[in-house]
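Peer 1: Pasting the sequence and the predicted model now:
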Amino acid sequence: MANVSEPASIELEVGRIRQLSKSGRHSEALVAAQTLWVAAPRNRDALYLIATNQRCLQRIREALASLQQLEQQSPNFSLLHQERGYCYTALRDAPHAIEAFLQAVNLNPALVASWTMLERLCRMSGETKGAAMAAEHLCILQQLPPEVIRAGSLFSDGELGGAEKLLETYLAEGGNHAEALRLMARIEHERNALENTERRLEAALKLAPQYRSARFDYVRVLLDQQKYLQAHEVIDAMRQLDPDDRDLLSFYAAASIGLGRHEPAVDAYRQLLGASPESFELHVALGHALQNVGRQREAVDSYRQAAALEPSFGDAYWSLANLKTYRFSTDEIEHMRTQEAAPSTDRVDRYHLCFALGKAYEDQKEYEDSWRFYERGNALKHAESRYHPDIAETNTRLQIEVCTAAFFSERARVGAPNPDPIFIVGLPRSGSTLVEQILASHSQVDATQELPEIPRIVRGMESRPAVPNHPTYPGVLAHLDPRQFRNLGEHYLTDTRVYRGNRPLFIDKMPNNFRHIGLIHLILPNAKIIDVRREPMACCFSNLKQLFASGQEFTYSVEDIARYYRTYLDLMRHWDTVLPGRVLRVQYEGLVGDLEENVRHLLEFCGLEFEPTCVEFHKLERSIHTASSEQVRQPIFREGLAQWRNYQTWLEPLRNNLGDALVRYRE
């Protein structure tokens, strides 16, 4: 046998063993597969080939044992369940064979052989409905090109590269089938190439406008890109044709939340729960919608119901902790510890439980236990993160190189002149929600949320995925026609209209927009920009103990958050140099220390008259999406200023990584 120390050699050997099996040389194939498995014990094909050849040699019990072993390694590998169906068929055990083939097609709907066996076995067993269902699926598959069926099978078993090659060849040779385009879109979605996914699905729907699965995938990718209005419009059209579809109602709720329409989302989740009261995920989703509109007591009830239905569901406990005002009982803490330590608890539930336990012990002032769980939760979350600090640091370097004072002087006033937006930028957990709440309390200002429009404009300028040393943006700014800057500004204003009321000004509180202040200045030269800055130890620690719903991947390690804070200071220093006076800096500690004076300064910068309601910001009733939602519904929150000092013993590495940022942040 060839040396199988390299993946390419393993693939060649797998191909050789398959040929031996096809030619009926099962004994020889079995020996080769067993030898391969010894050399590459994690290779699922080796164990699968052992089982198939054992069955062909009538060693059925051995084959079933091999499949059991394979299932422990690769439980979602559809072919192992199909092979198990063949084994039970050989044993004349029709019920177990049907069960195995059904599991195979649930994982991989493109398995023609499994559908064929299901039709035959169901007919023999007198299960006419099952036979009819299998026959219907076979009929659908028979209408598909063989290349698409094969690609669909590979995709279902996680072999994205093989599926992509098949589809690329098929499409390049003139194949033009809606399912081929949908499959390519699903592959691109798996790789987070969301704009490509959207284009593929639009092409598929042009070929087959009534293709329900493609339209569902289209809605998903619109939601993933935060194109909530567009998704809402598509969902509304689909619901008119099928008003009782539960999946559409779930999509409707998600799009409504994205648009800030929380009451319709609450109604939708209650309707969904009426049909599925045991769904713990729906109880958490309802809790989030209730929290956003300030109905905290009802939110708590929903989260606790989710935890009662699924005791290991970490998101339920973290959602309670993330209210910041909920206090866990001793029994709840003990239960969370038991669930977190259980071997059966999966990674996602485990890190949710860790962050919840960190908050629970912090509230009890048991800081050593608290830090231990925060640290464990961060380590688990960081292990699955794809964040690369080099990308943010390269972006900072290129912004400094491209966006010079001369660059801006040559492009003065090229954007849309409207003064409507007020951008609040900075790091998460810096106090930006407090500034937003203060401004939203003014009669001339609409609150919105963390709007995705500026990041979407940036993504549109990227011709390829971000590569640390070869990004398109921000260099592309130098090549845009002046009229394009105005068009981008007008598009921004149009796309954000749906989030606003009728007040003349509105807030965009996407914190990471500090990286794009140059772009904002170019497309909206009269917009106001406010940088909310918090003392670095307090800010970074607050991020380290926060589990974000999505994004902000730089917050799950001491080194990453410190590097991010430093590059934030570097970039803000640059904007202050090349755009002097363009950005108002608000120091969180100063705002908390002297609220009214800072509020007056803030309003003056925004061209607004002082209104006492801005000092009494906690009385404002509105939807709030961030982790500070309950804190800003109370009078000024001073408790967070020095919380990090309770953890000084364990935060020395953070201090060391921050370095001179501990002083520079005051600039």
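Peer 2: Good, I have the coordinates.

Peer 1: next one: phi and psi at residue 421?
Peer 2: Phi and psi for residue 421, reported as degrees, to the nearest 10, are phi -80, psi 140.

Peer 1: ok, it - contacts?
Peer 2: Residue 421 sits next to 492, 493, 496, 505, 506, 507, 508, 524, 527, 528 when contact means C-beta atoms under 8 Å, 6 or more residues apart in numbering. No exception for glycine: its C-beta is placed from N, CA and C like everyone else's.

Peer 1: Identify, from these, the entry nearest to residue 222.
Peer 2: Minimum distance to residue 222 across the contacts of residue 421 is 16.6 Å, recorded for residue 496 (C-beta to C-beta).

Peer 1: Would you confirm that the closest one belongs to a helix?
Peer 2: Yes - counting by DSSP: H, G, I helix; E, B strand; the rest coil, residue 496 is part of a helix.

Peer 1: can you pull the contacts of it?
Peer 2: Under the criterion of C-beta under 8 Å, 6+ apart, the contact partners of residue 496 comprise 421, 448, 451, 453, 506, 508.

Peer 1: make it 6 Å
Peer 2: For residue 496, the contact set (C-beta atoms under 6 Å, 6 or more residues apart in numbering) comprises 451, 453.

Peer 1: quick one: pLDDT of it?
Peer 2: pLDDT recorded at residue 496 is 95.

Peer 1: Just the buried ones from the contacts of residue 421, in ChimeraX syntax?
Peer 2: Restricted to the buried members of the contacts of residue 421, where burial is judged by 16 or more other C-beta atoms under 10 Å, the ChimeraX selection command reads as follows:
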select :492,493,496,505,506,507,508,524,527,528
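
Peer 1: Dump the contacts of residue 421 to CSV, plus secondary structure and distance to residue 225.
Peer 2: Formatted as CSV, the entries for those read as follows, by DSSP: H, G, I helix; E, B strand; the rest coil; distance: C-beta to C-beta, whole Å:
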residue, secondary structure, distance to residue 225
492, helix, 16
493, helix, 19
496, helix, 15
505, strand, 26
506, strand, 21
507, strand, 22
508, strand, 17
524, coil, 22
527, coil, 23
528, strand, 27
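
Peer 1: for the longest helix anywhere in the chain, which positions count as buried?
Peer 2: Longest helix in the chain by number of residues (criterion: DSSP state H): helix 558-578. Of all the residues in helix 558-578, those buried under the rule 16+ other C-beta under 10 Å are 558, 560-572, 574-576, 578.

Peer 1: One more: stretch 362-379?
Peer 2: Applying a neighbour-count criterion of 16+ other C-beta under 10 Å, the buried positions in stretch 362-379 are 362-363, 367, 369-378.

Peer 1: Mind picking the one among those residues that's closest to residue 276?
Peer 2: In terms of C-beta to C-beta, no member of these lies closer to residue 276 than residue 377, at 29.4 Å.

Peer 1: per the record, what domains does this protein have?
Peer 2: The record, using automatic domain parsing to delimit domains, assigns the chain the ranges 7-180, 199-383, 389-535+580-638.

Peer 1: Can you list the low-confidence ranges for the chain?
Peer 2: Using pLDDT under 70 as the threshold, the predicted model of the chain has low-confidence ranges 1-7, 463-470, 620-640.

Peer 1: Spatially central residue for it, please.
Peer 2: Geometric centre of the chain, nearest residue: residue 550, 4.8 Å, by C-alpha atoms, centre = their mean.

Peer 1: after the longest helix of the chain comes which helix or strand?
Peer 2: Reading on from helix 558-578 to the C-terminus, the next helix or strand found by DSSP states H and E is strand 583-587.

Peer 1: Taking helix 558-578 as reference, get the angle to that next one.
Peer 2: Direction vectors for strand 583-587 and helix 558-578, defined by axes from the mean of the first three to the mean of the last three C-alpha atoms, to 10 degrees, enclose an angle of 140 degrees.

Peer 1: Quick check: buried residues in whichever helix or strand comes after strand 583-587?
Peer 2: Scanning the chain past strand 583-587 towards its C-terminal end, the next helix or strand to appear is helix 588-593 (assignment: DSSP H and E). Neighbour-count burial for helix 588-593, counted by 16+ other C-beta under 10 Å, picks out 588, 591, 592.

Peer 1: could you say what helices and strands the helix or strand residue 55 falls within packs with?
Peer 2: Secondary structure here is read from DSSP H and E; on that basis residue 55 sits in helix 44-56. In this structure, helix 44-56 packs against helix 7-22, helix 26-39, helix 60-73, helix 78-90, with contacts taken as 3 or more C-beta pairs under 6 Å, 6 or more residues apart in numbering; DSSP states H and E.
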